[in-house]
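A.B. asks: Would you be able to build a 3D model of this:
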Amino acid sequence: MSIKVIDNIKLSGTDDGEIKIALVSKPYGDNSEPVASIGISLKANAEQPDWKVHIPKDNIDAVISALQEAKKGL
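C.D. replies: Purely as a prediction, here's the structure:
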């Protein structure tokens, strides 16, 4: 598995929390497809995020669309 960090975003409402966007190759072993990973940490530089989600490439557009709809409701 290799991880390439794309961006670190300050987590609103926290002193030093962050959202980390990354690409993860072979997340579940040699035969697994790469995924986009979103990790949320309440404290910056945490070893492991408090929450993490892996999104396969085929689902990214639908997730973006759903997040845009969620934003309208906030």
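A.B. asks: What about the residue lying closest to Gly17 once chain neighbours are set aside, how many residues nearby?
C.D. replies: In space, and not counting its chain neighbours, Gly17 is closest to Leu11: 3.3 Å by C-beta to C-beta, 6 or more residues apart in numbering. Glycine gets a C-beta too; all of them are placed from N, C-alpha and C. Residues near Leu11, counting by other C-beta atoms under 10 Å, number 18.
A.B. asks: doesn't Leu42 make contact with Leu11?
C.D. replies: Yes. With contact defined as C-beta atoms under 8 Å, Leu11 and Leu42 form a contacting pair (7.2 Å).
A.B. asks: For the residue nearest the centre of the chain, give me its contacts.
C.D. replies: The centre of the chain sits closest to Ile38, judged by C-alpha atoms, centre = their mean, with a distance of 0.6 Å. Going by C-beta atoms under 8 Å, 6 or more residues apart in numbering, Ile38 touches Ile19, Lys20, Ile21, Lys52, Val53, Ile55.
A.B. asks: What's the separation between it and Ala22?
C.D. replies: As for Ile38, its distance to Ala22 is 8 Å (criterion: C-beta to C-beta, to the nearest Å).
A.B. asks: same check, this time on Ile6
C.D. replies: Taking C-beta to C-beta, one finds Ile6 at 6 Å from Ala22.
A.B. asks: The two: which is more packed in?
C.D. replies: Using other C-beta under 10 Å as the criterion, Ile6 and Ala22 rank with Ala22 on top: 18 against 10.
A.B. asks: returning to what we had before: which strands border the one helix or strand the residue nearest to the centre of the chain maps to, and is each parallel or antiparallel?
C.D. replies: Using DSSP states H and E, Ile38 maps to strand 35-41. Applying DSSP bridges, strand 35-41 is found paired with strand 18-25 (antiparallel), strand 51-56 (antiparallel).
A.B. asks: quick one: it to chain centroid distance?
C.D. replies: Here strand 35-41 shows a centroid-to-chain-centroid distance of 2 Å under the convention C-alpha atoms, centre = their mean, to the nearest Å.
A.B. asks: Could you do stretch 48-55 as well?
C.D. replies: 6 Å.
A.B. asks: Stretch 66-73 now?
C.D. replies: Per C-alpha atoms, centre = their mean, the centroid offset for stretch 66-73 relative to its chain is 17 Å.
A.B. asks: Lovely, talk soon.
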